[in-house]
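Predicted model and sequence below, questions to follow.
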Amino acid sequence: MTEQVYILFCESPFQANKVDEDFEDEFIAAKENGFGTLLFNFEDLVSLDRSSVATKRIRPNDKPANVIYRGWMLTPKQYSILYNDLWSKNFNLINPVVAYQNCHYLPDSLKFIKDRTPKTVFEKFDDEKSIDKLIEKSQIFGQNPVILKDYVKSEKHDWATACFVADASDTSKLRKSITKLIELRDKYLNEGIVVRAFVALNDLTIHSKSGMPLTEEYRLFFCNKKLVGIYDYWEEGDYKLAKPDTTEFEAIARSVESNFFSMDIARQKNGDLIIIELGDGQVAGLPDKTSRSEFYERLQICCR
Ligand SMILES: Nc1ncnc2c1ncn2[C@@H]1O[C@H](COP(=O)(O)OP(=O)(O)O)[C@@H](O)[C@H]1O
Ligand SMILES: [Mg+2]
């Protein structure tokens, strides 16, 4: 008999012992595919004074069992609290904290993907001086366009004011956009700011609400170095395209120090595929069109 693997979900903020409704479809699909399920309180975990009670309804297991979290993003610090709490109850999260950070923070991912991802500079954000340093580093991009994000997320829906800068040598526009990004990320700013070479991607359409260009992108998931699946990234747009060959990305994935992660790839206008970013597989969203039951069926196979 194979060992029972558990999927850990967030409970509803309104009702204990019920899964967060945004993950209800995944919860059902996980159960149907033979996973055990666990719930914890996300709001408690991310609060300053209640994190120690977040897993209080999870009873210690009599023998060690493996657990995969599927839920909202956590900072590495919050993840480490969850990791240690579960460990003390004989539940072993699939990724140690270092592995979580490897794919969660773009600067930490670069060591695995730098040959296949746009050129990137970054700076931890402390104060205005950090912005000066980052602008200095960004001069390697010359007059070329760049994209901004924090160590985890962009403000891509504010594309023109906080994400895309048409000319990196226009330092006043660059500073304005970095400042806007910091203002929008506000208390959710992750560590620092990243500036990346903008590359022309193969257009699908323009986002109906934000005006952001939607381009040919796919999200791949890898578990225990095996490809779980490759999924269309956007729900809008025309994906009547053959899915790309993933062989070379599967090879790169084998070098990534994480047991469960996502890899976003995109097609450039010249046809070549690049990696946009990695993400921890536990907090990477499943694209809307992805069949939840197929995903968990594949995940179960990759866990064996
Ligand atoms: N270097 C780049 N060149 C061109 N487009 C990019 C680049 N990086 C990101 N994008 C576009 O911006 C979107 C958001 O970037 P991403 O790094 O994935 O941020 P987020 O973490 O917010 O998802 C991507 O899905 C892609 O369409
Ligand atoms: Mg992304």
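Received it, and whenever you're ready, just let me know what you need. Ligands and ions are numbered 1, 2, ... in the order given.

got the contact list for the helix of greatest length in the chain?
Ranked by residue count under DSSP state H, the longest helix found in the chain is helix 171-185. For helix 171-185, the surrounding residues in contact (C-beta atoms under 8 Å, 6 or more residues apart in numbering) are 125, 131, 134-135, 138, 146, 148-150, 153-155, 158, 161-168, 189, 193, 195. Quick note: C-beta positions are derived from backbone N, CA and C, even for glycine.

How about stretch 29-49?
By C-beta under 8 Å, 6+ apart, stretch 29-49 touches 4-11, 13, 16-20, 27, 50-51, 53-58, 65, 67, 70-72, 74, 78, 81-82, 91, 292-293, 295-297, 299-300.

Next, count neighbours for Asp62.
Neighbourhood size, Asp62 [other C-beta atoms under 10 Å]: 7.

ah, wrong one, I meant Phe27
When counting by other C-beta under 10 Å, one arrives at 22 neighbours for Phe27.

quick one: it is in a strand?
No - assigned with DSSP: H, G, I helix; E, B strand; the rest coil, Phe27 falls outside any strand and is helix.

Just give the nearest non-adjacent residue to it, would you?
Val19 (4.3 Å; C-beta to C-beta, 6 or more residues apart in numbering).

Weed out the non-buried ones from the contacts of stretch 29-49.
The neighbour count (16 or more other C-beta atoms under 10 Å) marks 5-11, 19-20, 27, 51, 54-55, 58, 65, 67, 70-72, 74, 78, 81-82, 91, 292, 295-297, 299-300 as buried among these.

related to what we said a few turns ago, and the buried ones among the contacts of helix 171-185, selectable in PyMOL?
Selection of buried members from the contacts of helix 171-185 for PyMOL, criterion 16+ other C-beta under 10 Å:
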select buried, resi 125+131+134+135+138+146+148+149+150+153+154+155+158+162+163+164+165+168+189+193+195
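
Secondary structure element for Leu204, which one?
Using DSSP states H and E, the element containing Leu204 is strand 203-206.

May I see the buried residues of stretch 213-226?
Using 16+ other C-beta under 10 Å as the test for burial, stretch 213-226 gives 214-223, 226.

ok so, going back, and the helix or strand that the longest helix of the chain is followed by, which strands flank it?
Counting by DSSP H and E, the element after helix 171-185 in chain order, helix or strand, is strand 192-197. Strand 192-197 sits in its sheet next to strand 120-124 (antiparallel), strand 146-150 (antiparallel), going by DSSP bridges.

Take those and lay them out in CSV including distance to ligand 1 and mean pLDDT.
Below are the strands paired with strand 192-197 laid out as CSV (distance: least, C-beta to the nearest ligand atom, whole Å; pLDDT from 0 to 100):
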stretch, distance to ligand 1, mean pLDDT
strand 120-124, 8, 98
strand 146-150, 4, 98
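
mind putting those in a markdown table, distance to Val46 included?
Below are the strands paired with strand 192-197 laid out as a markdown table (distance: least, C-beta to C-beta, whole Å):
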| stretch | distance to Val46 |
| --- | --- |
| strand 120-124 | 21 |
| strand 146-150 | 17 |
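
Dihedrals phi and psi, the nearest residue to Thr75 once chain neighbours are set aside?
Among residues not flanking Thr75 along the chain, Asn190 sits closest, at 7.1 Å (C-beta to C-beta, 6+ apart). With angles defined as degrees, to the nearest 10, Asn190 sits at phi -90, psi 100.

What pLDDT does the model give Asn190?
On pLDDT, Asn190 comes in at 97.

quick one, what contacts it?
Applying C-beta under 8 Å, 6+ apart to Asn190 gives the contacts 75, 105, 150-153.

ok, so what distance separates it from Lys149?
According to C-beta to C-beta, to the nearest Å, Asn190 and Lys149 sit 9 Å apart.

since we're on the residue of the stretch 1-150 of the chain at minimum distance from ligand 1, how many residues are nearby?
For the stretch 1-150 of the chain, the residue closest to ligand 1 is Pro118, as judged by C-beta to the nearest ligand atom, at 3.9 Å. By other C-beta under 10 Å, the residues close to Pro118 number 17.

Could you list which of the buried ones among the contacts of stretch 29-49 belong to strands?
Among the buried ones among the contacts of stretch 29-49, the ones falling in strands (DSSP state E) are 5-10, 65, 67, 91.

Chain neighbours aside, what residue packs nearest to Phe23?
Nearest to Phe23 is Phe9, by C-beta to C-beta, 6+ apart, at 5.0 Å.

wait, the residue nearest to Phe27 sits on Leu8?
No - using C-beta atoms under 8 Å, Val19 is not in contact with Leu8, being 10.5 Å away.

Show the contacting residues for Lys137.
Counting by C-beta under 8 Å, 6+ apart, Lys137 touches 121-123, 195.
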